[in-house]
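Enquirer: Sequence and predicted structure are below.
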Amino acid sequence: MKPTKNQIALLAIGAVAAVAAIVMGFLIFGAFSAKSGAVEALDSAMANARRLCKAQISPTQEAVDALDANRDRHAEWFGAACEMASEGDRAIEENLNEAAFKQQLIDDARELARLPGEANGAIVAPDFTFGFKDYIAGGVLPEREKIPLLQRQWGDIKDIVRLLSGCGAAEITSIEAKDEPKESEKPKPAAGKNAKKKAQAKAGDEESKAIRCRYELQFKAKPKALAATFNALVAAKRFAVVDAFSFSREEDMVARALSPDKGKSAAAGREKKRKRPRSGAESDDDAAVEISAAKKGIITDPKLEAPFVVRLSLSVYDFGSGKSADARDRELEEVAE
């Protein structure tokens, strides 16, 4: 039997209602899911807010203002520190030719050789060449492309020699520029006082390559002069770092007074173990010598004590602010833009 029109209408209405119910169910499920997700997000945000409120720096306008003030103070300190570190940067003559530089080396070496010391009244021996033997005592001309580096190294060596002589060192026995300068990432120092504010504003994100030159030297100095040398290195305008050092005496004055043969070996740390004496008489003789020396009174005198032999490794940094006048003007213009 065929369905009547009423039955067809009821079936259609039922189908529509079923679809509507299904759609409504999905909508309700989506609404509950969205609400659940919103609740979880709210709980997470509240927990994060509570954590921030309990932190040392609270999320308030006062904290933001304090951070801004600290950043400004850091930029000011950074600029001042860079200026201080680069105060001793060396200016390089860009147009110096090979012959002129060689003559400058020779003239400066003669002047340095006359500085006071204890090597026949001078800080160095007469044939000392300050690590530039080929250029000072030989017929070699420096390569033109190396002249800027050689200028920087020679300037450092002159400063070191003058510092040691001024501090009372007895004699410089060797000094040498070790290798090609190494570049290390260092903060860029302020270019000048006129551009100080601009440089401080960029202090956090600007970097330049500082040049490090290494030197190794050996010199003789008594305790007072040795202490004065390290104090002078710390206070020098040129930014220098002591990488390593050691000092020792060539001989021990006390051991030498007791036994001349034992003095040199004791100070050098090479004294060999003595063989056990074959007879008690030899042992008694040695003891008698030492007792006799002790009875003579003072066996040492600080004024007569041999100086220390000091070995020093030194790194000298240049931050590039001591350029030629033209280079400084160009840098100031770049910072001011």
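Expert: Alright, I've got the coordinates. Numbers count the residues shown, from 1 in each chain.
Enquirer: which stretches of the chain form helices?
Expert: Taking DSSP state H to define them, one finds helices in the chain at 5-54, 61-85, 98-113, 133-136, 147-166, 196-201, 223-235, 253-258, 260-268, 280-295, 325-336.
Enquirer: Quick check: buried residues in the fourth one?
Expert: By neighbour count with 16 or more other CB atoms under 10 Å, helix 133-136 contains the buried residues 135, 136. Placement of C-beta: from N, CA and C, glycine included.
Enquirer: Show me what that helix packs onto, helices and strands only.
Expert: Helices and strands touching helix 133-136, as assessed by 3 or more CB pairs under 8 Å, 6 or more residues apart in numbering; DSSP states H and E, comprise helix 98-113.
Enquirer: what's the helix it packs on packed up against?
Expert: Using 3+ CB pairs under 8 Å, 6+ apart: helix 98-113 touches helix 133-136, helix 147-166.
Enquirer: out of those, deepest packed?
Expert: helix 147-166 (a mean of 20; mean count of other CB atoms under 10 Å).
Enquirer: ok, and what's touching that one?
Expert: 90, 92-94, 96-98, 101, 105, 108, 112, 115-117, 123-124, 130-132, 135, 142, 172, 175, 177, 180-181, 211, 213, 215, 217, 219, 221, 229, 232-233, 236, 238, 314, 316, 318 (CB atoms under 8 Å, 6 or more residues apart in numbering).
Enquirer: Drop anything exposed from those.
Expert: 90, 92, 96, 101, 105, 108, 112, 115, 117, 123-124, 130-132, 135, 142, 172, 175, 177, 181, 211, 213, 215, 217, 219, 221, 229, 233, 238, 314, 316, 318.
Enquirer: Now, the contacts of helix 147-166 that are in strands?
Expert: 116-117, 172, 175, 177, 211, 213, 215, 217, 219, 221, 314, 316, 318 (DSSP state E).
Enquirer: Closest to residue 13 out of the residues you listed?
Expert: Proximity of these to residue 13 (CB to CB) peaks at residue 211, which lies at 90.9 Å.
Enquirer: Isn't the closest one up against residue 321?
Expert: No: contact between residue 211 and residue 321 fails when scored by CB atoms under 8 Å: they sit 11.7 Å apart.
Enquirer: Quick one: neighbours of residue 104, just the number.
Expert: Number of residues near residue 104 (other CB atoms under 10 Å) recorded here: 15.
Enquirer: Contacts only, for it.
Expert: Contacts of residue 104 by CB under 8 Å, 6+ apart are residue 96.
Enquirer: Distance check, it against residue 13.
Expert: 110 Å (CB to CB, to the nearest Å).
Enquirer: do residue 238 as well
Expert: For residue 238, the distance to residue 13 equals 98 Å [CB to CB].
Enquirer: Using JSON lines, lay out the ones in strands among the contacts of helix 147-166 together with distance to residue 305 and pLDDT.
Expert: Output for these, formatted as JSON lines (distance: CB to CB, whole Å; pLDDT from 0 to 100):
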{"residue": "116", "distance to residue 305": "20", "pLDDT": "95"}
{"residue": "117", "distance to residue 305": "17", "pLDDT": "94"}
{"residue": "172", "distance to residue 305": "20", "pLDDT": "96"}
{"residue": "175", "distance to residue 305": "24", "pLDDT": "95"}
{"residue": "177", "distance to residue 305": "32", "pLDDT": "93"}
{"residue": "211", "distance to residue 305": "40", "pLDDT": "87"}
{"residue": "213", "distance to residue 305": "34", "pLDDT": "92"}
{"residue": "215", "distance to residue 305": "28", "pLDDT": "96"}
{"residue": "217", "distance to residue 305": "22", "pLDDT": "95"}
{"residue": "219", "distance to residue 305": "16", "pLDDT": "96"}
{"residue": "221", "distance to residue 305": "12", "pLDDT": "94"}
{"residue": "314", "distance to residue 305": "26", "pLDDT": "94"}
{"residue": "316", "distance to residue 305": "31", "pLDDT": "93"}
{"residue": "318", "distance to residue 305": "38", "pLDDT": "89"}
